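Novice: got a predicted structure here, sequence first:
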Amino acid sequence: MGVGVNRIGKNWPTADRLREVLIYEYGREDRFKVFVNDVGLSVQDVPGTTTQANTTLLSAGDIALHFTIAEGKRPPRLPGIILKVNGKAVGRPMMFGLDEDDEIPLKLAKRVYGGVELTGVEDFVTADWGGVLENSKVFQEARTYIKGQVLAGLKETHARDLSLQKARLQKQINHRLQQLPEFRRRYAEEALNRILKRFYGESEDRVATIADVALDAMEHDAYWAVLDRINTLSQGDVSSFAESLEDFGFVELATIGNQASRRRQFLDYLDQLIHNPKTLEKDAHKALETNLWVLGRQYSVMSSNATLRKVIEAYSEKKISGTRAAKRPDLLLSQDFGDTYLLIEFKRPSHDITRDDVAQAEKYRDDLYSRLSSTARIDIMMIGRGRVASLDPRQLVNSVSIYSYASIISAARTELDWLIASLSRN
């Protein structure tokens, strides 16, 4: 077939373009051959990276493999590798396990187009030549060899494509990476490389969005990337695995130090709130309810969940209503991981706690016991400006304690200062 100009003034397709179109339709036919300008169609006519490999296997004998990893937006029709035994095709094109490999995206595996020929053995082919006996030693040996060769080609092509894709996204990625602390950037790079690999073939807008979400997670959670890397290395090299665990320790220390500095700043704001004469019980309650670490390490694991809040609300509605509603106490009931509870009564930061206040708090506790399990233990903490001089703390029962807001903030600040100083010496 030659190339020229037809009668309506348009060019005939070029020989190369015609071969590219015909190869997908007729390149694997056994019954006839197609020639363009006296050159027969071959797998090299598929636009992309072509590989040829020949060897002799122990059980399968001589094997000749040729395949192309197709380029362009459209993958080959009927992708895969056609198996020929002694010149005759066996069934439809096969993936030889590439479609089951987690390292290779399926979209990339479907860009493989080629053929493999075995000579000398036929006993692993089914009687109708529609398939193979997959448990035969011949096929298993051939499958392992074919998959290894194609996998190597795919990884090389895949790495190149990923580099190009990453280069197009690099400006955006670099901008986001600069916002991460330096110790996180290496892990962020590794995670992004895995994302690019996982979503190979997707539109760049979608990949960019996914990368943004991942970077958001890493930006706000230092452990995300480190634990992801630890998981990846846990089954691999012992030295690299140990190194990744060491990195977790560095992230842990950095995170603790950063949290301590933020908490120190929070205490400064809390101090302002407490010294404001307009601050009421409910204001102090709101500030401390989700920050029980201020009260001390032993209380930091306690929480006030929705159920406990409803217990307090129901109790207050029932016991303190009508004209007394304005004098309703501000109570917080928290629980640890067992059956121990902490009942906190917040007083105004300008109020000194009296013996009558303590007696009333103990009455609240007695009423609440009926709403909890029979094994529950409730400790009482009262917080105000302090206590009146006539109230001797040595006369209080062990389950009742009185604190001033100032003393709580001071103790928390001292502990954080010690922690920050200790971390700075490491």
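Specialist: That came through, no problem.

Novice: quick one: the helices in the protein?
Specialist: 15-26, 106-109, 137-177, 182-198, 204-220, 222-233, 238-274, 281-288, 306-319, 355-369, 405-425 (DSSP state H).

Novice: what's the least confident stretch among those helices?
Specialist: Lowest mean pLDDT within the helices of the chain: helix 15-26, a mean of 54.

Novice: can you list contacts of stretch 122-141?
Specialist: 57-60, 83, 85-86, 88-91, 118, 121, 143 (C-beta atoms under 8 Å, 6 or more residues apart in numbering). C-beta coordinates here come from the backbone N, C-alpha and C atoms, glycine included.

Novice: now, among these, which is nearest to L108?
Specialist: Of all these, L108 sits closest to R143, with 18.9 Å by C-beta to C-beta.

Novice: just checking, the closest one touches G97?
Specialist: Yes: the pair R143 and G97 passes the contact test of C-beta atoms under 8 Å, sitting 6.2 Å apart.

Novice: the two: which is more packed in?
Specialist: Using other C-beta atoms under 10 Å as the criterion, R143 and G97 rank with R143 on top: 19 against 16.

Novice: OK, contacts around the more buried one?
Specialist: R143 touches F96, G97, E134, counting by C-beta under 8 Å, 6+ apart.

Novice: any idea how far it is from T157?
Specialist: To T157, R143 is 21 Å away according to C-beta to C-beta, to the nearest Å.

Novice: count the residues that sit near the nearest residue to T340 once chain neighbours are set aside.
Specialist: Nearest in space to T340, with sequence neighbours left out and distances taken as C-beta to C-beta, 6 or more residues apart in numbering, is R377 at 5.0 Å. A count of neighbours around R377, defined by other C-beta under 10 Å, yields 12.

Novice: okay, R377: pLDDT?
Specialist: 89.

Novice: distance check, it against A359.
Specialist: For R377, the distance to A359 - C-beta to C-beta - is 20 Å.

Novice: how about A64?
Specialist: Going from A64 to A359 by C-beta to C-beta gives 96 Å.

Novice: what does W418 give?
Specialist: 37 Å.

Novice: could you do D417 as well?
Specialist: 37 Å.

Novice: try I378
Specialist: Distance from I378 to A359, by C-beta to C-beta: 15 Å.

Novice: so for the two, which sits in the more crowded spot?
Specialist: A direct count of neighbours by other C-beta under 10 Å for I378 and A359 places I378 higher, at 19 against 9.

Novice: what sits opposite the more buried one in the beta ladder?
Specialist: Assessed by DSSP bridges, I378 has beta-bridge partners Y341.

Novice: who's in contact with it?
Specialist: By C-beta under 8 Å, 6+ apart, the residues touching I378 are L333, Y341, L342, L343, R365, L368, Y369, L372, S399.
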